[in-house]
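K.L.:
Build me a model from this:
(one chain, ligands or ions: 1)
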Amino acid sequence: MTDDELLELARKVRDQAHCPYSRFSVGAALIDENGRVHVGCNVENAAYSNVSCAEAGAIGAMVAGGGKRIVTIAVAGGNMGEKSRACTPCGGCRQRIDEFADENTRIIVKDDDENWHSYSMAELLPSSFHL
Ligand code: THU
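P.N.:
Residues are numbered from 1 along each chain as shown. Just a heads-up that it's a prediction; the model follows:
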């Protein structure tokens with residue numbers, strides 16, 4: 001699967017987002033160490049703090065499917081109906097990704113003008129917390 005195909009999957013699942021409160025939809029698609037693809041979208045709740053981020057959904061699917069490491073994760077997000085700049089994972093999701101990342105893991109995003117950005121975990125979360 002190419003980066004473009006993975007990003008396309010993230011964009012596609014973003015359309016499933018349940019985000020009536022923020023109107024900000026996010027999709028995530030990742031490839032695990034077995035080459036399997038897992039996707040997730042954000043799911044909001046009337047009790048606002050119960051939001052589940054797209055990355056959390058994709059990571060949960062990976063773990064449930066037996067995956068252990070994230071090789072590449074693509075994130076696509078933006079305000080509904082507006083052109084969006086590249087949406088990078090929020091702070092909490094950087095920590096979530098880090099749990100399953102290694103030095104080769106890539107986090108890829110693309111804005112609506114099709115400009116690419118590819119990050120390493122160390123770039124997005126330097127000096128990260130580990131037990
Ligand atoms: N959101 C994600 O799904 N992932 C992120 O990395 C950033 C934020 C969602 C949460 C909420 O539903 C909406 O985007 C606005 O914060």
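K.L.:
Helices of this protein, start to end?
P.N.:
Per DSSP state H, the chain carries helices over the ranges 3-14, 54-64, 91-98, 121-124.
K.L.:
Just say which of those helices is most tucked in.
P.N.:
helix 54-64 (a mean of 21; mean count of other C-beta atoms under 10 Å). To be clear about C-beta, it is placed using only N, CA and C from the backbone, and glycine gets the same treatment.
K.L.:
contact partners of it?
P.N.:
Here helix 54-64 makes contact (C-beta atoms under 8 Å, 6 or more residues apart in numbering) with 10, 13-14, 17, 26-30, 32, 36, 38-43, 70, 73, 75, 77, 89, 93, 96-97, 99-100.
K.L.:
What about the residue lying closest to Gly92 once chain neighbours are set aside, how many residues nearby?
P.N.:
Nearest residue to Gly92, sequence neighbours excluded (C-beta to C-beta, 6 or more residues apart in numbering): Cys53, at 7.0 Å. Each residue near Cys53 was counted by other C-beta atoms under 10 Å, and the total is 22.
K.L.:
Kindly report the residues of the chain close to the ligand.
P.N.:
Residues of the chain lying near the ligand by C-beta under 6 Å from any ligand atom: 19, 22, 24, 26, 42, 44, 51, 53-55, 89-90, 93.
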